[in-house]
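# Here is the input, now give the coordinates:
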Amino acid sequence: MSMCYFDFPQEKIDLFEPSQKNYYFESGSKYSYLCSQEEISTVNFMDDFTGKDGGGYVITEYLRCSIIENGKIIFENPNCVKISSKKYIIVSVKAHEYTVKGWNEKLVSHDLRSDKTGDSALHPIYYESYGEAISIAKRLSLSNDCKYLVSMYLDYYDRH
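Numbers count the residues shown, from 1 in each chain. Predicted structure coming up:
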């Protein structure tokens, strides 16, 4: 299953394109394309993405840090290493199935998810350090033959 994007912003820079131009993106039930800090700051998250993101109740904002392929960093955002954060996620260019213990269905996601029962399985795994996320993404890129993205969690918007 390929990545699903919603139509934001006007310029369409894929998350896995090693572009130095824009670094921010949104994730709900779909992903936005990369956008600038200025573009992301003008968004009204309660209204602007309604119908565009496929119905996601929570929109999460991320800063793209690195792209990893074949165990190596092929792109690194120079701004990311200057910011300290405690939450990083890993996103794969390929969707992965995972099973939640106690549920009778398989779920599909591009970001790494937990296999625990309950709501934690519906959210990405957050890594506490950039180094930890990079190390895991490098290992996964070697064993799964695909690109991975390490991104910093910035904020979320609950639209329930």
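# Could you use CA atoms for every contact and neighbour count after this?
OK.
# May I ask which helix or strand of the chain has the lowest mean pLDDT?
None of the helices or strands of the chain scores lower by mean pLDDT, DSSP states H and E than strand 106-111, at a mean of 75.
# Touching it from outside, list them.
3, 89-100, 124-125 (CA atoms under 8 Å, 6 or more residues apart in numbering).
# same thing with stretch 72-86?
By CA under 8 Å, 6+ apart, stretch 72-86 touches 18, 20, 23, 63-68, 127-129, 138, 152-153.
# Show the buried residues in those.
Buried members of these, scored by 16 or more other CA atoms under 10 Å, are 18, 23, 63, 64, 65, 66, 67, 68, 127, 138, 152, 153.
# Okay, and which of the contacts of stretch 72-86 map to helices?
residue 138 (DSSP state H).
# of all the contacts of stretch 72-86, which two lie farthest apart?
Maximum pairwise distance in these, criterion CA to CA, is 25.0 Å, between 20 and 128.
# Can you name the helix or strand that the one residue sitting closest to the centre of the chain falls in?
By CA atoms, centre = their mean, the chain has its centre lying nearest to residue 91, at 4.9 Å. Residue 91 is part of strand 88-99 when elements are defined by DSSP states H and E.
# Identify the residues contacting that strand?
Contacts for strand 88-99 (CA under 8 Å, 6+ apart): 1-3, 16, 105-113, 115, 124-130, 133, 137, 146-153.
# That concludes my questions; thank you for your assistance.
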